[in-house]
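Peer 1: Build the 3D model from these lines:
(one chain, ligands or ions: 3)
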Amino acid sequence: MSSFLSFVSLFLILSSCYYTLIDGVFSEQPSMIVSTKRMEKTTHLHFYFHDILDGSNPTAMRIISPPNKSVGGFGTTFMMDDPLTEGPEPDSKIVGRAQGMYALASQHEMGLLMVLNFAFTEGIYNGSALSILGRNPILKKVREMPIVGGSGIFRFARGYALAKTVWLDRKSGDAVVEYNVTVSHL
Ligand SMILES: *[C@@H]1O[C@H](CO)[C@@H](O)[C@H](O)[C@H]1NC(C)=O
Ligand SMILES: *[C@@H]1O[C@H](CO)[C@@H](O)[C@H](O)[C@H]1NC(C)=O
Ligand SMILES: *[C@@H]1O[C@H](CO)[C@@H](O)[C@H](O)[C@H]1NC(C)=O
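Peer 2: Residues are numbered from 1 along each chain as shown. Ligands and ions are numbered 1, 2, ... in the order given. Next comes the predicted model:
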């Protein structure tokens, strides 16, 4: 009897190692056993983000201007396709692009809402991307933003990005920002 029971529990454990079909072909759910045995890697990335609003080839542009009664430009929204480079110089090697939006989301300080993807083009990262959704109080020396996901090499990504402005033209708003990204992924 006890050997029969242990056979049954062995069978249950083994069968739960496989994906269980929950709802026809629409969805399936991996068992706990599979998902907890997943091996994760940690990757550190370091690059510079070039946000150019001025000149004949801007990489970011204002797409929403708030009505006049907005406090400190609250609501102003920019769309960007900013190069990411290995070094801080504008002609440094390009490793990817930051594509998405940033918007003035605070009525009390300079706080941006960042919604963007880092789309990488360099080496093994070519074609992989990380998604950022975070708050960027740009007057702080170092800002932290969450990495909420990724694709390609960065499937199941989560982590954080640290950003520091290393160059700013106060007149045009052009800026170079250093990023350190730490991310766990499959
Ligand atoms: C906003 O202000 C500008 C300049 O002061 C004015 O020309 C414009 O009509 C105002 N717009 C609105 C919607 O009030
Ligand atoms: C990245 O991949 C694309 C498409 O596969 C390819 O055209 C491009 O040359 C690659 N870029 C680099 C820098 O390897
Ligand atoms: C990124 O890491 C480098 C090396 O540890 C450090 O010198 C730099 O200050 C860091 N920058 C940010 C924005 O965290």
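
Peer 1: What's opposite residue 112 in the beta bridge?
Peer 2: Using DSSP bridges, the beta-bridge partners of residue 112 come out as residue 104, residue 136.

Peer 1: State the distance from it to residue 118.
Peer 2: Between residue 112 and residue 118 the distance is 16 Å, computed by CB to CB, to the nearest Å. From N, CA and C alone the C-beta is placed, and that goes for glycine too.

Peer 1: Of those two, which one has the most company?
Peer 2: Comparing residue 112 with residue 118 by other CB atoms under 10 Å, the one with more neighbours is residue 118, at 28 against 21.

Peer 1: Run through the bridge partners of that one.
Peer 2: Partner residues in beta bridges with residue 118, using DSSP bridges, are residue 98, residue 130.

Peer 1: Look at whatever residue of the chain ends up closest to ligand 2 and report its pLDDT.
Peer 2: For the chain and ligand 2, the shortest gap (CB to the nearest ligand atom) falls at residue 126, measuring 3.7 Å. Here the pLDDT value assigned to residue 126 is 98.

Peer 1: try the one 10 residues further on
Peer 2: The model reports residue 136 with a pLDDT of 98.

Peer 1: just residue 69 next, same as before
Peer 2: Listed pLDDT for residue 69 reads 83.

Peer 1: host element of it?
Peer 2: Here residue 69, judged by DSSP states H and E, is contained in no helix and no strand.

Peer 1: list the contacts for it?
Peer 2: For residue 69, no contacting residues are found, by CB atoms under 8 Å, 6 or more residues apart in numbering.
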